[in-house]
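Engineer: Prediction below, plus the sequence it came from.
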Amino acid sequence: MDTDRIVGSAKEYAGRAEGAVGDMAGDAKTEASGKAREAAGTVQNLYGQAKDAVRDAADTATNYAKDAYENSGDTFRDGTQALSKKVQDNPLGALLVAGGIGFALALLMSRPARRPPPRWRYYG
């Protein structure tokens, strides 16, 4: 829990008490001061809550990143095993897919370079 939340709650409570005392005594100045202190406490409490939320989100993201880093080898291994099983189950389909990919790459690599469009110069 953030200290701003604690201090903000304390200010808010003190402001309520001061406002109630001012209301009971009929002192508008004390009542207004209490309302102002209560509002400041509420704002500080909300600020502390926001800081806590950001801290929690950062901790969660850090944990996700650590888990992903620690399990990346397992994920890669699982993907490799799944691909190997698909190739073993359907070798002809795998051969056709690999051939198609190789053909597409060969077409892309053997294309002639594009020439820039001719520049027309007008003399006049």
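Structural biologist: Nice, thanks for sending it over.
Engineer: So the chain: which segments form each domain?
Structural biologist: In terms of domains, the chain is parsed into 1-72, 76-110 (source: the TED database).
Engineer: most tightly surrounded among those domains?
Structural biologist: Ranked by average neighbour count under the criterion mean count of other C-beta atoms under 10 Å, the domains of the chain are headed by domain 1-72 at a mean of 14. No exception for glycine: its C-beta is placed from N, CA and C like everyone else's.
Engineer: residue contacts, residue 17?
Structural biologist: Shown in contact with residue 17 (C-beta atoms under 8 Å, 6 or more residues apart in numbering): residue 34.
Engineer: what pLDDT, on average, does the host helix or strand of it get?
Structural biologist: Under DSSP states H and E, the secondary-structure element containing residue 17 is helix 3-25. With pLDDT averaged residue by residue, helix 3-25 scores 85.
Engineer: how far is that helix from where the chain is centred?
Structural biologist: A distance of 36 Å separates the C-alpha centroid of helix 3-25 from that of its chain, computed with C-alpha atoms, centre = their mean, to the nearest Å.
Engineer: just checking, what packs against the helix or strand following that helix?
Structural biologist: Scanning the chain past helix 3-25 towards its C-terminal end, the next helix or strand to appear is helix 28-89 (assignment: DSSP H and E). For helix 28-89, the elements it packs on are helix 3-25, judged by 3 or more C-beta pairs under 8 Å, 6 or more residues apart in numbering; DSSP states H and E.
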